[in-house]
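1. from the sequence below, what's the structure:
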Amino acid sequence: MEVIVNGALGRMGQQVCRLLEEDRIPLTAVDRAGGSGIYENLFDYTGSADVVIDFSNHAGVAELLEYCKARKLPLVAATTGYTPEEFALLEEAAKTIPIFQSYNMSVGVALLARLVKQAAAIFGGCDVEIIEAHHNRKADAPSGTALLLAEAVREKRPEAELVLGRSGQGKRSPNEIGIHALRMGNVVGEHEVIFATDNQTISLKHQAHDRALFAEGALTAANFIVKQAPGFYHMDDLLGPT
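-> Sure, this is the predicted structure:
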């Protein structure tokens, strides 16, 4: 397998490149900042490749998809912060190329989402709150992973409404899913989903200790997506049936 890493000079891009080099997997590095041995633009590279792993910026998704579609390359879309319009571009492109998209490349988070879905089905009338924490340089809030977990709840409770933070006067609605974002220090990533009734509380939590786990997940996703037909794939597809 030969991999194009888009956003190779970013924090996660560097992790992916390091992992590929350790595993002796051929890679091509692309980053707008350029540099020795690094392409500034995807279209500048016309050599062989089997898949693109993207850890760049969501704003460049249109150009990224144009490149992947032109070369019929599978894509691992690991960037966060997609707007609804940008996400729609991914869904449309998935009609012609295989696309693996996840706001969090951790297999552990994928398992957490499954457990959250099960808990939401069993405790249908409980209060649900999501707390996420990341480093102080993260731009988007709430995190894509927090939204992913909220959607896992909404699969079982479609009437639920997202409430981002809470302030002022007013009672909590039974249909709320509260999401609270913390930005501090060098926290890699923490996500906790709390289910509370009048008589008990269940807390499901995932903590990332090292960003290398996201690089490992991206490579696992790349190995998966190169074998798939055109379509839109997620971590649940990688995990397989429950």
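2. helix or strand for the closest residue to Arg211 other than its chain neighbours, which one?
-> Nearest in space to Arg211, with sequence neighbours left out and distances taken as Cβ to Cβ, 6 or more residues apart in numbering, is Gln15 at 5.4 Å. All C-beta spots, glycine's among them, are computed from the backbone N, C-alpha and C. Using DSSP states H and E, Gln15 sits within helix 11-22.
3. what about the strands in the protein?
-> Secondary structure of the chain (DSSP state E): strands located at 3-6, 27-30, 38-39, 51-54, 75-77, 98-101, 127-134, 161-164, 176-183, 189-196, 201-208, 231-233.
4. just these: most buried one?
-> Neighbour counts (mean count of other Cβ atoms under 10 Å) averaged over each of the strands of the chain peak at strand 75-77, with a mean of 30.
5. partners of that strand, with directions?
-> Paired with strand 75-77 in the same sheet, following DSSP bridges, are strand 51-54 (parallel), strand 98-101 (parallel).
6. can I get the ones you listed in CSV with mean pLDDT and distance to Ala150?
-> Output for the strands paired with strand 75-77, formatted as CSV (pLDDT from 0 to 100; distance: least, Cβ to Cβ, whole Å):
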stretch, mean pLDDT, distance to Ala150
strand 51-54, 98, 24
strand 98-101, 97, 16
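7. need those in CSV (columns: distance to Val107).
-> Rendered in CSV, the data for the strands paired with strand 75-77 read as follows (distance: least, Cβ to Cβ, whole Å):
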stretch, distance to Val107
strand 51-54, 16
strand 98-101, 13
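8. any idea how far the nearest residue to Arg183 once chain neighbours are set aside lies from Phe55?
-> Nearest residue to Arg183, sequence neighbours excluded (Cβ to Cβ, 6+ apart): Asn136, at 5.0 Å. When Cβ to Cβ, to the nearest Å is the yardstick, Asn136 and Phe55 sit 19 Å from each other.
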